[in-house]
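**Q** Predicted model and sequence follow; I will ask about them next.
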Amino acid sequence: MPELPEVETIRRQLANRLPGRRIVSVERSEPFMLRDVSVAKLASSLRGRRVESVTRRGKFLLLSLEGDLVLTVHLGMTGQLLLQAEKPSGDHVRFSFILEGGGSRLVFRDMRKFGRLHLTHGGPAARVEAMGPDAWLGDWTADDLARLLARRRAPLKAFLLDQRRLAGVGNIYADEILFEAGLSPLRPAGALSPGEVGRLAAAVREKLDEGVRLRGCSISDYVDVEGRAGGFQGTLKAYGRHGQSCLRCGATLVRAIVAGRGTAFCPSCQH
DNA sequence: CCCAAGTCCTGGTTGC
DNA sequence: TGCAACCAGGACTTGG
């Protein structure tokens, strides 16, 4: 599941290798995953176009191209971006962009087709603008977080998953953040004390930072642009650990559906 | 059949 | 009472 740390890992690799290079052609397109542009227009617009920069906002990757074009990429649940020297690899290749110089290519694989690709002019796709500040690099403070939480009745977990508040947290990091902060995912978001808000703010930064340092979480499909796994999955204390004992207090972690998502937490030390 | 999960969409609820 | 904001849950997708 590509969340902020996984997308940031990919962004760093692409930022090292794409700027200045041209897209020679678009070899494959999946219409279902395409937005704001047709298959034909995508191919004609990208042909010969030079990549200028690779940035990120939340879970969105933004490839800025010459001519004020922006390719907005969301990897969905099982999306992968791979830089490959020669042959396209395996199944589920939805898009393939041929790069100038030696037959290398940028490949977008996605088994479940939850990923999306937008091509827009003059700025990123509209959906990017609807997001809150970046959960990791945004300049929000604990006071800002308190204002975002105030009066909300939705459970804390739903708040963390809502990209309009903070952008970048998904299901895995949400469970880890709440475990780290010692807060129940079921807790109404607006009911936190100032001290608890402070713990939550610190845990958001800390867990995302750890995820970036370990180059992402490869619990199912995630790999970086060279096909390598990350290391965060070795640190999991809550996600997927229901039925196992709590690494903090020894009680048994439970599973619940919160905000429509599988959620593991310790009923004994997360309040 | 259930589970995995990010985002969009719909329809019902809350509270100012 | 009116209405915007809020919130829960379904749809979408395809393998394990």
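**A** Good, I have the coordinates. Numbering: from 1, shown residues only, chains lettered A, B, ... in the order given.
**Q** Nearest residue to residue A:255 in space, please, no chain neighbours.
**A** The shortest distance from residue A:255 to any non-neighbouring residue, by Cβ to Cβ, 6 or more residues apart in numbering, is to residue A:242 (3.6 Å). (Each C-beta comes from the backbone N, C-alpha and C, glycine too.)
**Q** what separates that neighbour from DNA strand B, distance-wise?
**A** Counting by Cβ to the nearest atom of the strand, to the nearest Å, the gap between residue A:242 and DNA strand B amounts to 8 Å.
**Q** Tell me which residues touch that residue, please.
**A** Each residue near residue A:242 by Cβ atoms under 8 Å, 6 or more residues apart in numbering is listed here: A:253, A:254, A:255, A:264.
**Q** One more: residue A:186?
**A** Counting by Cβ under 8 Å, 6+ apart, residue A:186 touches A:155, A:156, A:157, A:256, A:258.
**Q** hmm, who's touching the top helix by length along chain A?
**A** Among the elements of chain A assigned as helix by DSSP state H, the one spanning the most residues is helix A:194-213. The contact list for helix A:194-213 (Cβ under 8 Å, 6+ apart) reads A:3-6, A:8-9, A:135-136, A:141-142, A:145-146, A:149, A:156, A:160, A:166, A:168-169, A:173, A:176-178, A:180-183, A:192, A:217, A:230, A:232, A:235.
**Q** Give the rounded mean pLDDT of that helix.
**A** This predicted structure assigns helix A:194-213 an average pLDDT of 95.
**Q** what about residue A:255, how many neighbours?
**A** 13 (other Cβ atoms under 10 Å).
**Q** For it, give me the pLDDT.
**A** Among the per-residue scores, residue A:255 shows a pLDDT of 92.
**Q** what residues are up against residue A:66?
**A** When the contact criterion is Cβ under 8 Å, 6+ apart, the partners of residue A:66 are A:49, A:50, A:52.
**Q** what about the lowest-mean-pLDDT helix or strand in chain A and DNA strand C, any contact?
**A** Among the helices and strands of chain A, helix A:126-129 carries the lowest confidence by mean pLDDT, DSSP states H and E, at a mean of 89. No. Taking Cβ under 7 Å from any atom of the strand as the criterion, helix A:126-129 and DNA strand C are apart, separated by no less than 14.0 Å.
**Q** after that helix, next one along is what?
**A** Sequence-wise, the next helix or strand beyond helix A:126-129 is helix A:142-149, with elements assigned using DSSP states H and E.
**Q** how about the residues of chain A near DNA strand C?
**A** Contact residues (Cβ under 7 Å from any atom of the strand) of chain A with DNA strand C: A:32, A:77, A:91-92, A:111-114, A:152-155, A:158, A:189-190, A:259-260.
**Q** Among these, which lie within helices?
**A** Cross-referencing the residues of chain A next to DNA strand C with the helices (criterion: DSSP H) gives residue A:158 as the overlap.
**Q** related to what we said a few turns ago, what sits up against the least confident helix or strand of chain A?
**A** Around helix A:126-129, the neighbours that count as contacts under Cβ under 8 Å, 6+ apart are A:57, A:58, A:60, A:62, A:72, A:118, A:120, A:123.
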